[in-house]
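J.: sequence-free structure coming up:
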């Protein structure tokens, strides 16, 4: 038998926690959840093999359709809006810099320190159709605001509005990227007579494109898995749930209900794998598109 | 995505006095715009705190008056009577510190293994660290529940932190990057002086990685404090609830229920939020650096 170097043995001592966790809490559950997704399992009896039955069911379940629609609608609005707003804030921060920029950055991040349940609760009040602050604010301009928390047509826009309160980390990432754009480049372009829009379009944007790409990906992944705020506002309680039908049903909320309310553990596992595959496909597409659009400085130097 | 914040860049100032004046007025414009944005971001907080200090009949009254009138601090006494807020606060703090401490230390331990040693299979195993970052929590949700159920720990607080004992991919990655920046001779010199590998970890790697350890700790503390799903799944006894789970119970009872007590819901929301905001003010440098270097939210 080949002797294992003591150094290698020690390396594995340090890696042991990771290896245990990988097997027990990652790979094991992954395999288990894949196997469960082919069964009917209600926690009490033993799992019963149903083949692709659960996957066939997801395709026909009207609630899945609704949840997918809501989640996609939310993601499609939240991601571009939040990034555009965060970019606008970061660009302005970059123009003032200094101590004031630090103070503003802190203020913009503060909402992100509010636990999601509290965010949901706070916006139940702010978005209240009769007397909420948002509608009172709109009233100042003579606009009669909608019933954000009860009108099925307005629940999702209300949730998007709420999500825009949480721009802090996106702003910080984009601001950090902007600060690393060499000033000499924009100065040089200015001397060459490039206008403001042209400087932004052909220098700033390419230089921060990898950061923009990064926030697009992480914001998309987290938007697709939206749960806490929505659950706090609209679920887990008969009255809340009846008042809006399925207008606030997000994919992970439905998955959670299937698993822990109805104990359809097999079906919930199938839903989880569908989500996993969808996230992978979307991320891959974004990476493919991103690689064509993103400017990487290192490549340019090497080529 | 490693960037250095707050680095002073030499500025090339072009143009004469006229140009400076133009720049100055533009700066004022941006200051005004940013102040307006700040007001929008801060107002929900102000409204929350003010409304929590008003009697129920006035909750929605005068939404743009930034002080409570009439002043009703007794809401904060009522909330302790309506629910075991103190127990929830203590639960949240203990679970948060244990969860964050466990994630930080175990991740540092593993990260040191990846950063210091060269051994067969290292790249493959480090690939597993990166790969698990991609796995949505939903995939492992049901089997993880079955694991805790099979060992009889559902209904206890253990599942809320015990998974953190095995290193967390994000922090392993962050800490490994940090430790790779430590010159190798620092470790080798200690080896020559007879230090064991555990000494290298505990006496050299841990003290040197302190800034990164603090980032990992504050982020995991925040994540634990935010968590709603795990308490929903694992806790049945209200005495064991964390603040978010407790706040959810309060909303269900007093906002959505037949007997609305908005002032209690609002005061409980403030109590759930305030400790984190205080922590943020003390540790904001670490949050900002952590976000800029890891992209964690």
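T.: Cool, the structure landed. Here the structure is a predicted model, which means the values were calculated and not measured.
J.: what about the helices in the stretch 151-300 of chain A?
T.: Assigned by DSSP state H, counting those that start in this stretch, the stretch 151-300 of chain A shows helices spanning A:152-163, A:168-179, A:183-191, A:196-199, A:205-224, A:228-234, A:238-244, A:251-256, A:265-293, A:297-302.
J.: just send these back as TSV, with mean pLDDT and mean neighbour count too.
T.: The way it works is simple: take the backbone N, C-alpha and C, and place the C-beta from them, glycine included. What follows is the helices of the stretch 151-300 of chain A, written out as TSV (pLDDT from 0 to 100; neighbours: other C-beta atoms under 10 Å in any protein chain shown):
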stretch	mean pLDDT	mean neighbour count
helix A:152-163	96	20
helix A:168-179	93	25
helix A:183-191	87	15
helix A:196-199	88	12
helix A:205-224	93	19
helix A:228-234	94	25
helix A:238-244	71	14
helix A:251-256	97	24
helix A:265-293	94	18
helix A:297-302	51	8
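J.: residue A:51 is nearest to which of the ones you listed?
T.: Proximity to residue A:51 (C-beta to C-beta) singles out helix A:265-293 among the helices of the stretch 151-300 of chain A, at 11.1 Å.
J.: wait, does that closest one make contact with chain B?
T.: Yes. Shown here: helix A:265-293 in contact with chain B (C-beta under 8 Å from any C-beta of the partner chain) through A:265, A:268, A:269, A:271, A:272, A:273, A:275, A:276, A:279, A:280, A:283.
J.: can you say which of the helices of the stretch 151-300 of chain A is nearest to residue A:93?
T.: helix A:168-179 (5.1 Å).
J.: elements contacting that closest one?
T.: In terms of contacts (3 or more C-beta pairs under 8 Å, 6 or more residues apart in numbering or on different chains; DSSP states H and E), helix A:168-179 is packed against helix A:62-96, helix A:98-109, helix A:205-224, helix B:262-294.
J.: now do that helix against helix A:98-109, angle only.
T.: Relative orientation of helix A:168-179 versus helix A:98-109 (axes from the mean of the first three to the mean of the last three C-alpha atoms, to 10 degrees): 150 degrees.
J.: can you pull up the most central residue in chain A?
T.: Geometric centre of chain A, nearest residue: residue A:222, 2.0 Å, by C-alpha atoms, centre = their mean.
J.: for chain B, see how far away that residue is.
T.: When C-beta to the nearest C-beta, to the nearest Å is the yardstick, residue A:222 and chain B sit 7 Å from each other.
J.: coming back round to it: would you turn the residues of helix A:265-293 next to chain B into a markdown table with distance to residue A:45?
T.: Below are these laid out as a markdown table (distance: C-beta to C-beta, whole Å):
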| residue | distance to residue A:45 |
| --- | --- |
| A:265 | 11 |
| A:268 | 16 |
| A:269 | 16 |
| A:271 | 20 |
| A:272 | 21 |
| A:273 | 22 |
| A:275 | 26 |
| A:276 | 26 |
| A:279 | 31 |
| A:280 | 32 |
| A:283 | 37 |
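J.: and of those residues, the nearest to chain B?
T.: Using C-beta to the nearest C-beta, residue A:272 comes nearest to chain B of those, at 4.3 Å.
J.: mind listing what the closest one touches?
T.: Each residue near residue A:272 by C-beta atoms under 8 Å, 6 or more residues apart in numbering or on different chains is listed here: A:33, A:37, A:255, B:136, B:138, B:139, B:141, B:142.
J.: how does it look with 6 Å?
T.: Residue A:272 sits next to B:138, B:139 when contact means C-beta atoms under 6 Å, 6 or more residues apart in numbering or on different chains.
J.: what does the stretch 51-200 of chain A put close to chain B?
T.: The stretch 51-200 of chain A has residues A:92, A:95-96, A:104, A:106-108, A:113-118, A:121-122, A:131, A:133, A:136, A:169, A:172, A:176, A:180, A:183, A:187 near chain B, with proximity defined as C-beta under 6 Å from any C-beta of the partner chain.
J.: pull out the buried members of those residues.
T.: A:92, A:95-96, A:104, A:106-108, A:113-118, A:121-122, A:133, A:136, A:169, A:172, A:176, A:180 (16 or more other C-beta atoms under 10 Å in any protein chain shown).
J.: residue B:234 versus the residue nearest in space to the middle of chain B, what's the distance?
T.: Residue closest to the average C-alpha location in chain B (C-alpha atoms, centre = their mean): residue B:222, at 2.0 Å. Separation of residue B:222 from residue B:234 (C-beta to C-beta, to the nearest Å) stands at 20 Å.
J.: what do you get for residue A:222?
T.: According to C-beta to C-beta, residue A:222 stands 23 Å off from residue B:234.
J.: just want the phi and psi numbers for the residue of the stretch 101-250 of chain A found nearest chain B.
T.: Nearest residue of the stretch 101-250 of chain A to chain B: residue A:131, at 3.6 Å (C-beta to the nearest C-beta). According to degrees, to the nearest 10, the main-chain angles of residue A:131 amount to phi -130, psi 10.
J.: my read: it touches residue B:60, true?
T.: Yes. Counting by C-beta atoms under 6 Å, residue A:131 does reach residue B:60; the two are 3.6 Å apart.
J.: name the nearest residue to residue B:168, sequence neighbours excluded.
T.: residue B:103 (4.8 Å; C-beta to C-beta, 6 or more residues apart in numbering or on different chains).
J.: tell me how far the helix or strand hosting the one you found is from the chain's mean position?
T.: For residue B:103, the host element (DSSP states H and E) is helix B:85-116. Relative to its parent chain, helix B:85-116 has a centroid offset of 11 Å by C-alpha atoms, centre = their mean, to the nearest Å.
J.: try stretch A:53-62
T.: Its chain's C-alpha centre and that of stretch A:53-62 lie 25 Å apart, by C-alpha atoms, centre = their mean.
J.: avg pLDDT for that stretch?
T.: Stretch A:53-62 carries an average pLDDT of 96.
J.: quick one: contacts of that stretch?
T.: A:37, A:64, A:266, A:267, A:270, A:274.
J.: what count of nearby residues applies to residue A:148?
T.: Using other C-beta atoms under 10 Å in any protein chain shown, residue A:148 has 23 other residues around it.
J.: and it, what does it touch?
T.: Contacts for residue A:148 (C-beta under 6 Å, 6+ apart) come out as A:127, A:129, A:154, A:158.
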